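> Need the 3D shape of this:
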Amino acid sequence: MRQSLGLALVVCSAVTQAGAQPPPKPVVTGLTKPESVALNSQGQVFVSVIGESGRDGDGAVLKIEQGKAVPFASGLDDPKGLVAHQEWLFVADKDRVWRIDGKGKAEVFAPASAFPTPPLFLNDLAVDVESGTLYVSDSGNRQGGEGAVYRITPKGAVSLVLDKKQFPNLHTPNGLLLDGASHLLLADFGTGTLYRIKLADHSVETLADGLGAADGLAWDQFGRLFVSDWKGGRVFVIARPGAKPVLLAQGLTNAADLTVESSTKRLLVPDMGGGTVVEVPITVPGAEVNEEPLPLKTAVAFPDLQWAGWKGETEDGLVQTLRPLVLTHAGDGSNRVFVATQHGVIHAFPNDQKATQTTIFLDIRDRVSYKDETNEEGFLGLAFHPKFKENGYLYVFYTPKAERLTNVVSRFQVRKDDPSQADPASEVELLRFKKPYWNHDGGTVLFGPDGFLYVTHGDGGAGNDPHENGQNLETLLGKVLRIDVDHKEGDKNYAIPKDNPFVGRSDARPEIWAYGIRNIWRMAFDRKTGWLWAGEVGQNLWEEIDIITKGGNYGWNLRESLHPFGVKGVGPRPELIDPIWEYSHHDTGKSITGGNVYRGTRLPELDGAYLYADYVTGRLWALRYDDAQRRVVENRPIPSQGLPVLSFGEDEQGEVYFLTTTNNGQGIYRFSR
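Have a look, this model is predicted:
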C-alpha cells in the first residue's frame, strides 16, 4: 500500500456529469412550496411548506406518513430550514426560529430581537448533535447584501458567526451543515460555492464551486456529502474531501433542503416548484459502492467448549463474565486455537467444532489488572513468534497490577519440561508505556510478513488528546511501533529495524512506524497482500478504517476520520493520510472493532473482504478496497445478532471468528451461509 492514500485539498471548480440516472421518484405530492425535509430520532419524516407567496400564517410543518402529508404544526409564515434534535423540531421562519414539540406545539425559540442585527431572510438550520447548538443562515436581501450566519445556544442566545464584513466574498448564505464539532459547512446560494468555516476564529476556506444555486447540504452515514442546486433542480454528491462533485440527480424544478434516510439508503429532496418531495438513491455515479447485505449468518463456534478454570458464576453466586479478547494460532502446524481473556488467561484447544475442553496455556492473572470500570485495560494482546515451533516465544500486551497507568509488552516462553504450556516465570519485558489516563490503551501486538513485531498504543486517554500525543514523535503514545525482537540493542531487549521511518532523527522515537493515532482497536495483516488494516476508534462523530503505511501520519488530533477536529482542526493535507472508509455515530455505530481480511476456504465469497464490526450496535460488515481505483467498492452488511464484538481473530487456515462477552461460555462466533 502506497502512502498516496493521503488526499490533498482540492477546490473543485468542475462538476463531473453522471451517466443516465432514473428520474427522482415522488414520495408525496400536492404540497405548496415544500422547502426542507428532516427526520427525527424515531425515523419520522417532516417537511416544511411555505404556502402562498406573500401570505403570512399559511406556512406549516407536515408529517409524511404512508405517502401522505399530515398536518403537524400550522400558523407559521414562511418556514424554511428544518432540523430535528432530541424531542424537538426547529424551523427558521423569516426573522425568527421556532421550536416545535412532539405534539406539534410551536413556540418562538429565537425571536428577531435576539439577533445582533435584525435578520432579513432566515433560511437554513444545522445542529451540533453533541451540544444542541443551532446554526442559522440569513440570506439577507438575496442580492448579495446583508447576509450572515448565526449561532444559537440551547438557551436561545444568539451570536454572530460570519457576515460580509468578516468575509467579503459572502453573497447569499444558505445551506449549513456541521463538519465535525468545530467547523461548519456553508453553501452560498448566490455563487454556487461550498465553504468551510472554522468556528474558533471564523476563518473560511473554499471546498468546491460550480454548484449552481447551492441550497441544501446533507451527510450520509458513510461521509458522502450531498448538495442541492435550487435553480438548476439538481443534486450533487461529493464522495470524500477533495473529490469533484458528481451530478447525481436532475430534472427537478427547485431542489431545496434535502436530508438522508439511512435506513432506506435514499435522499429525500423537496422540489419547491414541483410541489413534491422526491427520493433519490444514495450512490456516487461512477464510483458506486455495493451495500447489499450478504446472505450469511453468524453462529456459535465450538458450541460444546468448556473453559478450564472458569464458571459463569462465583462461589458467592455472582455473575462471572468471560471476556475473550484475542483469538489466534501459533503458526506451528498444530492447528490449535489460542484464546486470551482480558483477565489474563490464555486458553488452547483443538481447532475442531466438536472441541469440548480448553487447557490453560498461560495464566498471569496474578500480574494483570482488569476492572469493569476501567475496561480498556487488562490483557489486550497476544502474538506468537513466526518461529514459535523452534523457539517457543510468545508476546503479550497487558496492564500490570504492580504499577498504575502503565502497559507493558513482554515475552514469554514455553516450559522446557512441558511445551504444551508457557512458563509464567519466563517473562522478559520489552516495552513499557506510561500513560496519563486509563483509557485508549490500544494493545494489539502482531508480527508482520517482515518478521518484525508491530505494537499499537492509543493516545493516552481522556478526550481530545489533551497532551497532543498523537502528533508528538517523541512519545510512543498514539502510535504504531515496529521492533526487532530477534536482536538486542543497547539496554533494550529488542533492536530497531534500520529501515524504520524515523531512525536517525533526534526529535523522534525510532520505534515509531506510523503516528497520528487515537486508539486503534484491533489491527491485522492481510496474509496475502501484507497490508496492515486498522479500525481506529473515533471520539465525537466518526469511526474509521485505515491501511497503515510506513511513516504515515493518520491525522489525530487534527482530524477525526475525514473531518477537521477541534480548534486546530484542518482539512485534507498531503502530509496526512485519510482513512479509506468511515461511518457516523449518528445512525450507524459508536465504536469500531477492527477485524481481519478473510483468506479462508469455507466461504470463498468473502475472500479478500475486510470483516469489521461496531461494538455498540453489534453490526457487522464485509468491506472491499480496490487498489487500482483507490477506493472502497463494497461495504456489505452481514446479518448479525447485535452482539458486542470485542475482537476478531483467525485460525491457522485463515478462517475468521469474532469474540463477545459471555456468561455461558459461548463467546466465539463464526460466519456461515
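> mind checking the end-to-end distance for stretch 539-556?
In stretch 539-556, first residue to last residue: 10 Å (C-alpha to C-alpha, to the nearest Å).
> What residues of it count as buried?
539-549, 552-556 (16 or more other C-beta atoms under 10 Å). All C-beta atoms are positioned from the backbone trio N, CA, C, and that covers glycine.
> Start and end of stretch 432-451, how far apart?
21 Å.
> what bits of this structure have low per-residue confidence?
The chain contains residues with pLDDT under 70 at 1-21.
> Give me the longest strand you can find in it.
Longest strand in the chain by number of residues (criterion: DSSP state E): strand 422-434.
> returning to what we had before: which of the buried residues of stretch 539-556 fall within helices?
Here DSSP state H is the test, and those give no hits in helices at all.
> for the residues you listed, which one is nearest V485?
I548 (19.0 Å; C-beta to C-beta).
> which ones are touching the nearest residue to the closest one once chain neighbours are set aside?
With sequence-adjacent residues excluded and distances taken as C-beta to C-beta, 6 or more residues apart in numbering, I548 is closest to L532, at 4.2 Å. Counting by C-beta atoms under 8 Å, 6 or more residues apart in numbering, L532 touches 1, 448, 454, 480, 523-525, 547-549.
> again, but for G594
Here G594 is in contact with 520-524, 533-536, 545, 612, 648 (C-beta under 8 Å, 6+ apart).
> secondary structure element for the closest residue to E292 other than its chain neighbours?
Excluding its sequence neighbours, the residue lying closest to E292 (C-beta to C-beta, 6+ apart) is R636, at 6.0 Å. Assigned by DSSP states H and E, R636 belongs to strand 631-638.
> What pairs with the helix or strand harbouring A73, parallel or antiparallel?
A73 belongs to strand 68-76 when assigned by DSSP H and E. Partner strands and pairing direction for strand 68-76 (DSSP bridges) are strand 59-65 (antiparallel).
> List the buried residues for the partner strand?
59-64.
> Go through those and name the one nearest L31.
L62 (7.4 Å).
> What's the separation between that closest one and A73?
Here L62 is placed at a distance of 9 Å from A73 (C-beta to C-beta, to the nearest Å).
> residue boundaries of the strands in the stretch 251-400 of the chain?
Counting by DSSP state E, counting those that start in this stretch, one finds strands in the stretch 251-400 of the chain at the ranges 259-261, 266-271, 276-281, 297-300, 324-328, 336-341, 345-350, 359-363, 379-384, 393-398.
> Quickly compare the ones you listed and say which is most buried.
strand 266-271 (a mean of 26; mean count of other C-beta atoms under 10 Å).
> Point out the other helices and strands that the helix or strand hosting S36 packs with.
Using DSSP H and E, the element containing S36 is strand 34-39. Where contact means 3 or more C-beta pairs under 8 Å, 6 or more residues apart in numbering; DSSP states H and E, strand 34-39 is packed against strand 45-49, strand 79-85, strand 259-261, strand 266-271, strand 276-281.
> from the contacts of G594, which two are the most distant?
Going by C-beta to C-beta, the pair spanning the contacts of G594 furthest: E536 and F648, at 15.0 Å.
> Which one's more surrounded, the two?
For E536 and F648, the more surrounded residue by other C-beta atoms under 10 Å is E536, and the numbers stand at 29 against 25.
> How about the more buried one, nearest residue that isn't a chain neighbour?
With C-beta to C-beta, 6+ apart, the residue lying closest to E536 is E544, at 4.7 Å.
> sorry, back to before: between the buried residues of strand 59-65, which is nearest V45?
Distances from V45 to those, taken by C-beta to C-beta, are shortest for I64, at 4.3 Å.
> For stretch 588-604, buried residues please.
Applying 16+ other C-beta under 10 Å to stretch 588-604 flags 588-589, 591-600, 603 as buried.
> whoops, stretch 622-637 was the one
622-625, 631-632, 634-636.
> Backbone dihedrals for the residue nearest to I548, both of them.
phi -100, psi 110 (degrees, to the nearest 10).
> Just list whatever residues bridge to the closest residue to V445 other than its chain neighbours.
Closest residue to V445 apart from its sequence neighbours, by C-beta to C-beta, 6+ apart: G381 at 3.9 Å. Counting by DSSP bridges, G381 forms beta bridges with F397.
> from memory G381 sits against V326, does it?
Yes. Assessed by C-beta atoms under 8 Å, G381 is found in contact with V326 at 6.5 Å.
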